[in-house]
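sequence first, predicted coordinates after that:
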Amino acid sequence: MARQLARGMGSFLKDCDCTKPTRCPHPYSIRFRDALGKQREESGYDTQDDAIERLTQLYAEKKATAPSVAAARRELGQLTVEEYAKQWRPRQRRMTDYSTGEHVDSSINVHIVPRLGARKLNSVTPMVVERFLDAMENDGVGGPGAGDRDDGGVRPSEW
């Protein structure tokens with residue numbers, strides 16, 4: 001028996017042309033709007049119940065987010081990476097050491113802003129970060145011999 005979803009929770013579907021979609025082996029996909037109001041899609045749910053459970057979880061998370069937090073996230077997401085970096089850097093009080101601050105400023109101005117500066121924060125996805133890191137490695141930045149570290153270069157945790 002199919003469970004009823006509340007209005008606004010999202011939907012689930014099978015993206016196949018099988019004659020009996022409920023009995024075919026293809027996975028379920030879900031579509032929903034996140035806290036920022038952007039439509040998202042996830043797939044790979046084996047059963048209808050798994051898809052509904054995930055939709056219910058997402059809906060509860062969305063409802064638990066305070067409207068002011070959601071508005072702040074929307075506003076922040078409209079900033080470009082460059083605009084955010086200009087706001088972020090002065091707030092970093094722990095970077096009091098002259099060389100550390102200069103190193104971070106240099107990394108932002110030489111590597112991050114030229115490649116990602118015009119991009120809106122809400123469009124920076126794991127794939128964008130992966131491509132950024134690949135481009136840096138292809139340019140020889142952060143490769144072998146780039147420093148004392150074992151991880152081979154710049155990582156998002158340093159931003």
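Received, thanks. Residues are numbered from 1 along each chain as shown.

residue 80 against residue 119, yeah?
Yes: applying CB atoms under 8 Å, one finds residue 80 in contact with residue 119, separated by 6.4 Å. C-beta: built from backbone N, CA, C; applies to glycine.

how about the secondary structure of the residue in the chain sticking out farthest from the centre?
With CA atoms, centre = their mean as the measure, the chain has its most outlying C-alpha, relative to the mean C-alpha position, at residue 19: 36.2 Å. Three-state call for residue 19 (DSSP: H, G, I helix; E, B strand; the rest coil): coil.

what phi and what psi does the backbone show at it?
Here the main-chain torsion angles of residue 19 (degrees, to the nearest 10) amount to phi -70, psi -30.

OK, contacts around residue 32?
Counting by CB atoms under 8 Å, 6 or more residues apart in numbering, residue 32 touches 9-11, 39-40, 55, 58-59.

center of this protein - which residue?
Relative to the mean C-alpha position of the chain, the nearest C-alpha, by CA atoms, centre = their mean, is the one of residue 125, at 3.9 Å.

and the strands in the chain?
Counting by DSSP state E, one finds strands in the chain at the ranges 11-14, 28-33, 39-45.

OK, contacts around residue 69?
residue 35.

gap between it and residue 76?
For residue 69, the distance to residue 76 under the criterion CB to CB, to the nearest Å works out to 10 Å.

what's the answer for residue 120, then?
10 Å.

flag the shaky bits of the chain, pLDDT-wise.
1-4, 95-99, 143-159 (pLDDT under 70).

the longest helix in it is where?
If each helix of the chain is counted by residues according to DSSP state H, the longest one is helix 48-64.
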